[in-house]
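Novice: The following block contains a protein sequence and its predicted model.
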Amino acid sequence: MVRYPVLLIISSVVLLAACAPMVRSTPAELIAAGKDARIIEIATDVAPRLPAGHSDLVARGSRWTAAGQLPQGAVYRPLNIVFTVMGRNVHEAYLVIDSQGALAGFYLPGEARFSPVDQKVPISLKAVQ
């Protein structure tokens, strides 16, 4: 009789995971950065929200290098970490920072897609190189 409650809990967890929304995104063509890619450092923690799903914390002190450009802004890939966004699946993600210095969303390199944040978030940067 003890098996049935355990089976019910496991089934519930599996069903809830299957109901997670997909990360909203649109196709995006990245224009690659030059060989002398700029490196930035995040000055304060940023906790962006995605329309469907969530992302890792963009941690203060993390370093990012210019990866290219999208119409939505400059794209930066993380150095020495793997940054992800999560919905139904986990996606590797790069920051997309608009011309006003706000986090506009994420570039998903594995899918060549752009995923916007719910609301643009100002992001404090330090130039490293």
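Specialist: Okay, I see it.
Novice: Quick check: buried residues in the lengthiest strand in the chain?
Specialist: Secondary structure of the chain per DSSP state E: the longest strand is strand 113-122. Buried residues in strand 113-122, counting neighbours by 16 or more other CB atoms under 10 Å, are found at 113-117, 120-121. The C-beta positions use only the backbone N, C-alpha and C, and glycine is treated the same way.
Novice: Endpoints of stretch 61-75, how far apart?
Specialist: 18 Å (CA to CA, to the nearest Å).
Novice: Give the buried residues for that stretch.
Specialist: Buried residues in stretch 61-75 (16+ other CB under 10 Å): 62-68, 70, 72-75.
Novice: how about these in JSON lines, adding secondary structure?
Specialist: Output for those, formatted as JSON lines (DSSP: H, G, I helix; E, B strand; the rest coil):
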{"residue": "62", "secondary structure": "coil"}
{"residue": "63", "secondary structure": "strand"}
{"residue": "64", "secondary structure": "strand"}
{"residue": "65", "secondary structure": "strand"}
{"residue": "66", "secondary structure": "strand"}
{"residue": "67", "secondary structure": "strand"}
{"residue": "68", "secondary structure": "strand"}
{"residue": "70", "secondary structure": "strand"}
{"residue": "72", "secondary structure": "coil"}
{"residue": "73", "secondary structure": "strand"}
{"residue": "74", "secondary structure": "strand"}
{"residue": "75", "secondary structure": "strand"}
